[in-house]
Each structure stands twice: as C-alpha cells, then as structure tokens.
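1. below are the sequence and a predicted model for it; my questions follow.
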Amino acid sequence: MTRIIEKRELVKDIHEMVLAAPLIAAKAQPGHFVLVMPEEKGERIPLTIADYDRDNGTITLIFMVVGTTTMKLSRLNASENLYALVGPLGHPSEIEDHGTVAMVAGGIGTAPIYPIARSLRERGNRVISIQGARREDLLFWTEQLASVSDEHIITTDDGSFGRKGLVSEPLKEILENDKEKRIGCVYAIGPAIMMKFCSLTTKPFGVKTITSLNSVMVDGTGMCGGCRVNVGGKTLFTCVDGPEFDGHLVDWDLLMDRQKIYLKEEKCSLDRYMEEVGGK
Amino acid sequence: MSGNEKKAKKEKKKIIPKKNPMPEQDPKVRRHNFEEVPYGYTPELAQKEAERCIMCKKPLCIDGCPVNIDIPGFIKMIAEGDYVGAARKIKEENCLPAICGRVCPQETQCEIVCTLAKKFEPVAIGRLERFAADYERDNNLIELPKKLPPNGRKIAVVGSGPAGLTVAGDLIVLGYEVTIYEAFHKPGGVLMYGIPEFRLPKKIVEEEVDYLKKLGVTLEFNQVIGKSITVDELLKDMGYNAVFIGVGAGLPSFLGIPGEELGGVYSANEYLTRSNLMKAFLFPEYDTPIVRGRTVCVVGGGNVAMDAARTALRLGAENVYIVYRRSRTELPAREEEIHHAEEEGIIFKLLTNPVEMYGDERGMVKRIKCQEMELGEPDESGRRRPVPKEGCYFTIDTDLVIIAIGGQANPLLTKSMQGLELNKWGNIVADENGRTSAERVWAGGDIVTGSATVIEAMGAGKKAAADIHKYLSDKEKQESVSWKVSN
C-alpha cells in the first residue's frame, strides 16, 4: 500500500498525485517510470516519474484520465492508498552535455519532460522547451517548465494560447535557424503520433532525437514481453531496454497498433466501471 | 505368529497392479471452467492406495525426491489412518506439500524408482502427498512446528517462488529473521503467475504462504531488488547477514519470425500472467484484458504450452492447436499434462514449425504459416533434430498465438551486482549448495539452472538454506573464538 499525500486536478482530466514512496524517491532519476495499480482488481499501468523529493521521500505522478485505471486513480484522494506501486523502473535518461537541447512536450508529455529538462540544464545545457496542448485550458506546469528553460515556447492546436499549431512547427524552425548546429539533442515526449512527427521533423537535420515510449505493460521487469517494440529492426522491450529510444529508429506505426490491441476491452471496462459508480 | 498376523501378511503380498485413480472433472465440462481438474483422493481411496506400498527395507523413493521426504514414513501413517501425522511428516522436509503433490513430476522422480514400478504401476506418491496436505488444511488442523529461539541473524530472500519460499521456511524455524522481497503484488512467483488455477488453485498457494507468515516470515511486495533496493544495500546498509536470490528465469524467448509483433501474439509468460495473476479470465470484473481467440495456436511442447493451450480453451476458444516442431515422443511436457490436454480436445500439430505470421488491417494476427518438419540426427540434447521439409508449407487461420518456447535469464538483478559470476547464458553460477561468487550471496532455482521444475527449485532452496545456516554458524563460532583470544 502506498499513501497518497496530495492529489489535485491540474486541468480537466489531468491529475497530479504526490505519493509517499521513500525507497523510490531515493533512487529515482529523470526518465524512470513506475507501475501503478489503483486497487486489487485493477490493472498495472506504467507512469513516468514527473518529479521526486528525496528529503521528503515522495514522488510525483501526473496522469490523464483515458481508461478504467486512470479513472480509478483520479477518484482516489489524499490520505487514501494505492494498492501497488513499483519502481523505479527502466533506464534513466542519459544526462549529457549536448550544448543546446530542444525539449518538446506534447500534452501529458510535459510531466516526464520536466525533470529531464531540469537535469540537462543543471548539467550546463541551454534548454529550449516547446510545450504543446490542444487548448489553453489543457496547459499545465507551464511555470515549472519555464523555470528550467532558457527559452520556452507554447503552442496550442486552436491558437487559444501561444502559437497556433503543432509542436513540430516551432521545432522545425528552430532547427532551420540553427546554422551553427548548436542543438545537440532533441527530446520529444508525448502521444505516439506526436513523437512520430517530431522524429520525422528532426530526421532531415540529423539531430539525435530521444523519445519515451508509452507501451502497454504488465510486469515492467522484462518478464512478459508485452511492451515489445521494433527499434532499428530489432525487437526490444520498452520496460527494460527503454523506455527511451532513438526516435529515428522506432517503428511508430507498430507502437500505435500495439497501443490499440485492447481498445474494445478498455471501453467495455470503463463503461462498466462508470455504471458501477453511477456516472461522474 | 498368530492367525491374524498371518492373515495380515498374506494380504499385504496381494498387490493391486494399478494406482487407484483420482476422481476428476469430466473433460467435456472442465474445458469450460477454471476449477481444479482432479478432486483428490477421499480418505478411503488414500488409505487403499497407501496400502499398496510394500514398505521396502531400502526405499529408493526417498533418494528420488529432490527434498528427500520420508515417503514410506508418511505413506505408512496414511495407511494407519493418521492423515495429519502424515502431513506433518512431509512438512519435516517440505513446507509446500499441497503444491508439490499437485505439480511435481513424480513420474520422473520418486515414482519412477518405486519398487512396485518394476512390475506394476508405482504407488501414487504424489496423490498421497496432496491428500495428506489437503486433509490437514481443509480440517483446520495445521499446527506450527517448534521454532528455535531467535538467533539475531537476518536473511533476505529475493523472490517468493518455490525456491525462495523453501529457503524462508527452512531458516525461520532455525531462529532466523527472514524477509522475502517480491516484485509482484502477490506471493508465489511462478506458482501464482504461471501455473493456472485449474492445475493449482491460487487459494492453496496463498494458504501455504500464510503458513510461512504465521511462522514469522515477513513479505515485502512490489520490491524489485536491483532497482528499489540493491543486494549490496541489503547486505551493507540493511543488516542482512545473507541474501538468497531466487528470482526465476523470467525473460521470454520469441521465435524471431516476421509478424511476431502483431496484436494477439503473446509470450506464454504474458498470456498466463494476465490470466492467472491479473485474473484476466474474470475480465471485466478484474480490469486486465486478454485477447480471447476462437482459433488458437500455442507454439511449444512443454508444460507451459499445455497450460497456455488449456487456458485458451477455457477462455472460449473453439480450436486450440499445439504447434511443436518435433514428434510426440520428444514433447517435454509431463505425460499427465499431455493426456489432460488431449482429453480436453487440444489438437497436436506435430513436426510443424511456424515461419511467419500475418495480420489484419488493425495489426491483429490472422494467419500463421508453418513448415512441415522431419526428424534427423540427434542433437546435443540427445533428441532427434527437427529438419525442415523443403517446400512443405501450410497455413492456419488463427486469431491468437502464444509462444511457449522457454526463456532466458532475466538480467535485471544480476547486472545490478558486481562480482557475481554468470555463465554464458546469463544464469548465476552457484555450487551444489547454491553458493555464488559474491560473498554472503546464495542463489537457486531457474536463475541458476534455467527453466526447470518447482521441486528442483525447492531442492536448491533447501540446500542453500542448510548451507547459509552452516556458513553463518561457523562464522559465529570463529568470531567468538577470535574474540576470546583477543581478550
């Protein structure tokens, strides 16, 4: 059992949860993820660690409500417990000196991008962050991300805040204007489709592009192979070989197909749960 | 000799050639449910079977058992009607009898060397073990054995599968403080995630683990050793005197053929974990989903393949194929499992090797292409090598493929350690007592041997526990001597 210390809805359907997890907090590094199970009959889902506080022994998770598990998580409150929390899992991000880095966050991707950007900046990199959301009212943690960025660009699909358009557009402009090749690395984290297009954007420029994959998992320790992905023609496991991979080598269409395997079951499960709790 | 004694002696010589059958669920019914297949012996049947034992002066069965249970000893007690005594006799050597009575391959261990087996069927040792354990548990007669007083020494066990549970059970009664670290949210390892409910009800695993908890064993769930805590920290910062690693094999192999990444293609580990541990067979009451195929291909011929095939059947499949590249004789599964699978209507596609899988527009598997094989010369395993028949291909329309071809050692823990010698397959190198190249670290079970059986893992756990005890006791003696000398 893991105690929930704080819990709040940041914007519609995106929640922040602070958990008492001293062992995980002590070892957590940017890029690590945890597996979460809201209750005994629940499913195990991976969530990237958005922040950690070693002194207080807490970690912060941010999730968007998309299915039964995240719906159940969203209905838990401070001082209640999570049934299971496992981690830190996966390889942490490699915090190297790249000169300048572009950190691209799409939607919920702001959460995992933030600690990586912070560490890269502490390491001496100049950080340009590009944060995108569908609408202004879905933007969260803008101040946090700005506080670890030398330059912070915001885009919204409908233009309700910042630049109108997708995150890949300013990314392309930045790379085009980077005549001195100062940008040594791009991080792109968010929905698979966004990571795919960011990778396609950076490819002609030959800039290393790291993405963090959100595969379906069960154990998170390499035991089941459910999270297998194709990277550069090789089958790898997101949980133990990743979760970060070179975006230019990932077979994105396969990842997206595999994310949809249980679409029907997920809907059935969520409908059943909502009926059980009497709608929202 | 009195008349009665004479009569008794004469009766004993009359040997019933066959084992008393164990009542079980009708195959037509059981292929649609997850309830246990055999019901177990009644006391009457158990007594009758126990009376078949001829009480050899030099019993060979004890040596056949990896944990050396006093088999004639407990069988005699069953014959005399002392069922609880029999259970306790078994528990002197084996703390998980209800599990072993169900999943041990007795036919290649204790029963194969049974004297009766030379002429008749051996005594049904496994069924009797199961009976004794079930009788004691079902009648709430489980008693805790006497424990030695606390000796102040702490042991960390990594993994709560059969090896780890055995180490814990053996050391707790010797006065050690024992903590088991388990990565999952439930105890039992392969007993919980791998073996299906219809072969080993999870209630039984939980009750055997409860027995260890009552003895004082502490269980810490959701702890991936090597990640949240390292072995080094267990030994140096957390004050454990020794660590036992029993994390299992746990890294599934795939075929490496095109189409293997399609939806509806699982490793047996994933398929069984979803169904058994996460209870996807009860979806949507439980949240974890599972692909339910109408026509299912299970690739492989071991016990795990049989478990996966029979699970698929119970999840509503109409046709389930076991696709195996050698012939029936080479099937590595237990005869009993093959027999149960055949009875339930599993179809064996022997001398068949998958070469490619095809998917639909959603990326879900829809067809598998196979090549016919024939047997050639024996390979290094002694089994005849399957050789592809040139140009002989056929396809099976399928909507679920489960790959059950074994696995490799999971490097998650081993690569987090320094000074731990591994072999070329990544398994931990350990001596016959489980001692590894790392100081105060023992290992046993699949992480050392590669995929093997529950009882072999328990045997390894037993030896390691004895060696840990010897090592720490010797060390203490030495330390007390040097303390006296220096004072």
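-> In hand now; what should we look at?
2. how about the residue nearest the centre of chain B, what does it touch?
-> For chain B, the residue nearest the mean C-alpha position is residue B:454 (2.7 Å; C-alpha atoms, centre = their mean). Taking C-beta atoms under 8 Å, 6 or more residues apart in numbering or on different chains, we find residue B:454 in contact with B:99, B:100, B:103, B:104, B:162, B:190, B:191. For the C-beta atoms, the positions are set from N, CA and C on the backbone; glycine is no exception.
3. the third one touches residue B:196, doesn't it?
-> No - in this structure, residue B:103 sits apart from residue B:196 without contact. The criterion is C-beta atoms under 8 Å, and the distance is 10.8 Å.
4. tell me the phi and psi of residue 74?
-> Defaulting to chain A. phi -70, psi -20 (degrees, to the nearest 10).
5. let me see the ranges of the strands in the stretch 301-450 of chain B.
-> Shown for the stretch 301-450 of chain B, the strands assigned by DSSP state E, counting those that start in this stretch span residues B:319-323, B:347-349, B:352-359, B:365-378, B:384-397, B:400-403, B:407-409, B:441-443.
6. mean pLDDT for these: which is lowest?
-> Least confident of the strands of the stretch 301-450 of chain B, judged by mean pLDDT, is strand B:407-409 with a mean of 91.
7. which outside residues touch that strand?
-> For strand B:407-409, contacts defined as C-beta under 8 Å, 6+ apart pick out B:249-253, B:267, B:269, B:422, B:425-428, B:446-447, B:450-451.
8. if we use 7 Å, what do you get?
-> B:249, B:250, B:251, B:252, B:253, B:269, B:425, B:426, B:427, B:447, B:451 (C-beta atoms under 7 Å, 6 or more residues apart in numbering or on different chains).
9. what are the buried residues along it?
-> B:407, B:408, B:409 (16 or more other C-beta atoms under 10 Å in any protein chain shown).
10. nearest to chain A, of these?
-> residue B:407 (8.5 Å; C-beta to the nearest C-beta).
11. where does the stretch 51-200 of chain A dip in pLDDT?
-> For the stretch 51-200 of chain A, no stretch has pLDDT under 70.
12. helices of that one, residue ranges please.
-> A:68-74, A:110-122, A:142-147, A:168-177, A:192-202 (DSSP state H, counting those that start in this stretch).
13. please apply the same query to the stretch 201-350 of chain B.
-> Under DSSP H, counting those that start in this stretch, the stretch 201-350 of chain B gives helices at B:202-214, B:231-236, B:268-272, B:303-314, B:335-343.
14. same question for the stretch 1-150 of chain B.
-> So, for the stretch 1-150 of chain B - with DSSP H, counting those that start in this stretch - the helices run B:3-13, B:27-30, B:43-50, B:61-64, B:71-79, B:83-91, B:97-103, B:125-138.
15. so which of those helices comes closest to chain A?
-> Of all those, helix B:97-103 sits nearest to chain A, with 19.6 Å by C-beta to the nearest C-beta.
16. how about the helices of the stretch 201-350 of chain B, which one is nearest residue A:93?
-> helix B:231-236 (23.0 Å; C-beta to C-beta).
17. for chain B, what lies in contact range of chain A?
-> Counting by C-beta under 7 Å from any C-beta of the partner chain, the residues of chain B close to chain A are B:183, B:185, B:222, B:224, B:227-229, B:250-252, B:254, B:261, B:263, B:267, B:269-270, B:273-274, B:278, B:283-289, B:291, B:363, B:410, B:412.
18. among the residues you listed, name the buried ones.
-> Among the residues of chain B next to chain A, those scoring as buried are B:183, B:185, B:222, B:224, B:227-229, B:250-252, B:254, B:261, B:263, B:267, B:269-270, B:273-274, B:278, B:283-284, B:286-289, B:291, B:363, B:410, B:412 (criterion: 16+ other C-beta under 10 Å).
19. wait, residue B:230 touches residue B:414, no?
-> No - applying C-beta atoms under 7 Å as the test, residue B:230 and residue B:414 come out as separate, 11.7 Å apart.
20. picking that back up, CSV for the helices of the stretch 51-200 of chain A, including distance to residue B:87 and mean neighbour count?
-> Shown next, in CSV, are these (distance: least, C-beta to C-beta, whole Å; neighbours: other C-beta atoms under 10 Å in any protein chain shown):
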stretch, distance to residue B:87, mean neighbour count
helix A:68-74, 42, 22
helix A:110-122, 53, 24
helix A:142-147, 61, 15
helix A:168-177, 68, 17
helix A:192-202, 55, 21
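21. to chain B, which of the ones you listed lies closest?
-> helix A:68-74 (5.1 Å).
22. show me what contacts residue B:467?
-> Counting by C-beta under 7 Å, 6+ apart, residue B:467 has contacts B:433, B:434, B:435, B:442.
23. okay, the third one: pLDDT?
-> Meaning residue B:435. Confidence score, pLDDT, at residue B:435: 97.
24. swap in residue B:181?
-> Residue B:181 is given a pLDDT of 98.
25. returning to what we had before: for the helices of the stretch 51-200 of chain A, which one sits closest to residue B:317?
-> Of the helices of the stretch 51-200 of chain A, nearest to residue B:317 by C-beta to C-beta is helix A:68-74, at 25.2 Å.
26. who's in contact with the closest one?
-> A:15, A:36, A:38-39, A:42-43, A:45, A:63-65, A:269-270, A:273, B:287.
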